[in-house]
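Engineer: Sequence below, structure please.
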Amino acid sequence: SPGPPLPCPISVFGGEWDPTVHTGQLDGWKRHTTADCGVRVFPGGHFFLADNRSLVARALRKDLSR
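Structural biologist: Here you go, the predicted model:
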């Protein structure tokens, strides 16, 4: 819903070959925060998480430890 940007960082993950959400669209999340917005693209399609669990988990741990 519309509202002011969040004051917390946002981590955005996407699949390189996702036919539904193109990698260029991921940057759109930056407007929803006044803090950092990190965008990471992983190999795979819409279900990139299934093939990259350890990479995504590592990235998530890194972001949460900041």
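Engineer: Using CSV, write out every CA atom in whatever helix or strand D63 lives in.
Structural biologist: Counting by DSSP states H and E, the element that carries D63 is helix 53-64. The C-alpha trace of helix 53-64 is given here as CSV (Å, rounded to 0.1, in the frame of the first residue of the first chain):
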residue,chain,number,x,y,z
ARG,A,53,19.8,-22.4,-1.3
SER,A,54,23.3,-22.1,0.1
LEU,A,55,24.2,-19.0,-1.9
VAL,A,56,20.9,-17.3,-0.9
ALA,A,57,21.3,-18.3,2.8
ARG,A,58,24.9,-16.9,2.8
ALA,A,59,23.7,-13.6,1.3
LEU,A,60,20.8,-13.4,3.8
ARG,A,61,23.1,-14.1,6.7
LYS,A,62,25.5,-11.4,5.5
ASP,A,63,22.7,-8.9,5.2
LEU,A,64,21.2,-9.7,8.6
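Engineer: Which residues does it contact?
Structural biologist: P9, S11, F13, G38, R40, F42, F48, L49 (CB atoms under 8 Å, 6 or more residues apart in numbering). To be clear about C-beta, it is placed using only N, CA and C from the backbone, and glycine gets the same treatment.
Engineer: If any of these are buried, put those into a ChimeraX selection.
Structural biologist: A single ChimeraX command suffices to select whichever of the contacts of helix 53-64 are buried according to 16 or more other CB atoms under 10 Å:
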select :11,13,42,48
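Engineer: This completes my enquiry, with thanks.
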